[in-house]
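J.: coordinates only, no sequence provided:
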């Protein structure tokens, strides 16, 4: 951000860190950056100081070798050769960067911003810190020199904070809406966007980066591969938030606040926001600063923040919706007012006599036994499984299925259902949802959790069946009706956004059930949420709150393919998992962030590997589904795989 100097002559147009700790650590990191060491040479084998997994992620994000033969060599410092299309792609990336002009009584100040989604701009909080500032500001594209050196006339757009506005001072970020047309009727879509990827690993220590900026409010300029990511020792600098911030040497000037920091694939690593002065001058405001590096906000940290507040701060959810749309898949949508009319009144809990002789999930249903207890044993060892009230165990048996409840989250840890494709029958009339008397109420949130009128939250959720309503409905008509009624227990429900519950999850359930019905096969299905420590918070004012809402769900289907052979397939569906699967499928290796239609899939299916913890080739632990060393996510639906 650029402002005029004050009467003392000191420059007040640079936002600087005031941490001696950061300055000292960065100075040491800067000295390391330009030393060619043996550790740097070991990067290609992943056995140097650079985290091998992070290096693997960075390698996967590169363009295919046939398109950019020296891409990996640039990352590890062995080559500076670039594909000739680097400049053309950079020109496209630069089109999305604009100058921000904010009027004030003392004269305008300037910053930089860039488009990251449909009519969505990202810049710093210290550039646009309020809706009032944003409503007065405008942004200018094409404020730059053309091929002949002539200054082009900028194309100005107004901002639209009443549409979208979200800001956070800690991460120094502001998202704000942009009107669709300029003052001269130029569509803002003409300038493209720089999609944000939530994955950490888009840059590694020592890698060169590029910054596109409007320094001092001047015409657009670029510091092309003139900046190097600095290595900061995490063990020696435990009080520096290296998960949220990245440090790099660079050529930036006042007005560069809000610029994108980009790798060689023109993927945004960070949001530039602060200068780092030398340790000798950081605590001497009266002296002119000696700038040694810069600090940027990691894009992965911005995503983590937005995901945390997705359901508790409506504007965070609105921003995520646009970011997700820019990646090519349908965003989570909120339940509409019409959907509220569909809310089912809770029914009274069924009497204990109802459960007499009910056996639940049958581990010997298929030709190979699959023991349920061995699947959730690791979670049980960590005291994550809710017990039954009578002390008989942890599995709630229903007709043809069983549920195991996660003790801390109070939603299912996993469910297991047996499906007989030869004798599927229609369920009876749908009854309302209810609690189960066999487990404590604290482990099964009721309608007060799901009903909009029971809280002040901006969003509400569907009761997402884990065992589908139709799946256990087989046998005679009476048994099928009872089984369908059994699925309407809160021990079998997890919160799912309405569109996701009806479309993405429903499509997968239809697909799996169709496999069993059309082939008249036996099928066992395991299902559950993917629980993460950073799942978004919801319902602070609701009973039992605050809650953390799982954004992804896993499903493992085991089919009796032949009389003596079973086959299995695993699926993970959810907004967070979409992004992970897009990465695993190397969506972005083509360096074309605007073309992802061919990978807009609703399901991602990993092949199964035999688990050391279970002899059944099946592991129902949700965390195992997320481990890179065990699962390799692939895009596409397709048939079941052995």
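T.: Nice, thanks for sending it over. What you are looking at is a predicted structure, and each value in this text was computed from that prediction instead of being measured.
J.: so residue 55: helix, strand or coil?
T.: Following DSSP: H, G, I helix; E, B strand; the rest coil, residue 55 is assigned to helix.
J.: what of residue 377?
T.: helix.
J.: that one and residue 418, how far apart?
T.: 21 Å (C-beta to C-beta, to the nearest Å). Just so you know, the C-beta spots here come from the backbone N, C-alpha and C atoms, and that holds for glycine as well.
J.: next one: residue 448
T.: Residue 448 is 32 Å from residue 418, by C-beta to C-beta.
J.: so which of those two has more stuff around it?
T.: Comparing residue 448 with residue 418 by other C-beta atoms under 10 Å, the one with more neighbours is residue 418, at 22 against 14.
J.: correct me, but the more buried one touches residue 401?
T.: Yes. In this structure, residue 418 is within contact of residue 401 by C-beta atoms under 8 Å, at 6.9 Å.
J.: wasn't residue 373 part of a helix?
T.: Yes. Under three-state DSSP, residue 373 falls within a helix.
J.: could you shift the numbering so residue one becomes 14, and keep it that way?
T.: Sure thing, new numbering starts at 14, so read that last one as residue 386.
J.: and it, what does it touch?
T.: residue 408 (C-beta atoms under 8 Å, 6 or more residues apart in numbering).
J.: let me know the pLDDT of it.
T.: You'll see residue 386 listed with a pLDDT of 94.
J.: distance-wise, check it relative to residue 415.
T.: Counting by C-beta to C-beta - residue 386 and residue 415 are separated by 10 Å.
J.: over to residue 193?
T.: Taken as C-beta to C-beta, the span from residue 193 to residue 415 is 52 Å.
J.: neighbour count winner among the two?
T.: Taking other C-beta under 10 Å, residue 193 and residue 415 do not tie; residue 415 has more neighbours (24 against 15).
J.: quick one: contacts for the more buried one?
T.: 373, 374, 385, 408, 409, 428, 429.
J.: from those residues, which is closest to residue 585?
T.: Of all the contacts of residue 415, residue 428 has the smallest distance to residue 585: 15.7 Å, by C-beta to C-beta.
J.: so the closest one bridges to which residues?
T.: Judged by DSSP bridges, the bridge partners of residue 428 are residue 416, residue 540.
J.: mind listing the strands for the stretch 64-213 of the chain?
T.: With DSSP state E, counting those that start in this stretch as the criterion, the stretch 64-213 of the chain has strands at 110-115, 122-130, 133-136, 151-154, 168-171, 178-181, 186-190.
J.: the ones you listed into a markdown table, with extra columns for mean neighbour count?
T.: Shown next, in a markdown table, are the strands of the stretch 64-213 of the chain (neighbours: other C-beta atoms under 10 Å):
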| stretch | mean neighbour count |
| --- | --- |
| strand 110-115 | 25 |
| strand 122-130 | 26 |
| strand 133-136 | 27 |
| strand 151-154 | 24 |
| strand 168-171 | 19 |
| strand 178-181 | 20 |
| strand 186-190 | 26 |
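J.: quick one, which of those strands is nearest to residue 549?
T.: strand 178-181 (14.1 Å).
J.: what does the closest one contact?
T.: Counting by C-beta under 8 Å, 6+ apart, 138, 141-144, 147, 186-190, 318-319, 326, 328-329, 331-332 sit against strand 178-181.
J.: how far off centre is stretch 235-249?
T.: 25 Å (C-alpha atoms, centre = their mean, to the nearest Å).
J.: mind checking the pLDDT average for it?
T.: Confidence over stretch 235-249 (mean pLDDT, whole number) is 83.
J.: that one spans what distance, first to last residue?
T.: 33 Å (C-alpha to C-alpha, to the nearest Å).
J.: repeat that for stretch 372-389.
T.: 18 Å.
J.: what of stretch 260-274?
T.: 11 Å.
J.: low-confidence ranges in the stretch 214-363 of the chain?
T.: 263-268, 295, 298-299, 341-357 (pLDDT under 70).
J.: show me where it has strands.
T.: So, for the stretch 214-363 of the chain - with DSSP E, counting those that start in this stretch - the strands run 221-226, 234-242, 258-262, 273-275, 281-290, 304-311.
J.: one more: the stretch 464-613 of the chain?
T.: 475-478, 506-509, 535-543, 550-551, 560-561, 565-575, 578-587.
J.: which strands and helices sit next to the second one?
T.: Under the contact definition 3 or more C-beta pairs under 8 Å, 6 or more residues apart in numbering; DSSP states H and E, strand 506-509 sits against strand 475-478.
J.: the strand it packs on - what's its average pLDDT?
T.: On average, strand 475-478 scores 87.
J.: which elements pack onto it?
T.: strand 506-509.
J.: that older thread, mutual contacts of residue 431 and residue 414, please.
T.: 374, 485.
J.: thinking again about what came up before, output the strands of the stretch 64-213 of the chain as JSON lines; include the columns distance to residue 538 and mean pLDDT.
T.: Below are the strands of the stretch 64-213 of the chain laid out as JSON lines (distance: least, C-beta to C-beta, whole Å; pLDDT from 0 to 100):
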{"stretch": "strand 110-115", "distance to residue 538": "48", "mean pLDDT": "94"}
{"stretch": "strand 122-130", "distance to residue 538": "36", "mean pLDDT": "93"}
{"stretch": "strand 133-136", "distance to residue 538": "39", "mean pLDDT": "97"}
{"stretch": "strand 151-154", "distance to residue 538": "50", "mean pLDDT": "96"}
{"stretch": "strand 168-171", "distance to residue 538": "50", "mean pLDDT": "96"}
{"stretch": "strand 178-181", "distance to residue 538": "39", "mean pLDDT": "97"}
{"stretch": "strand 186-190", "distance to residue 538": "39", "mean pLDDT": "97"}
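J.: residue 361: which of these is closest?
T.: Comparing the strands of the stretch 64-213 of the chain by C-beta to C-beta, strand 178-181 comes nearest, at 43.0 Å.
J.: tell me who's in contact with residue 550.
T.: 321, 322, 324, 325, 559, 560, 561, 562.
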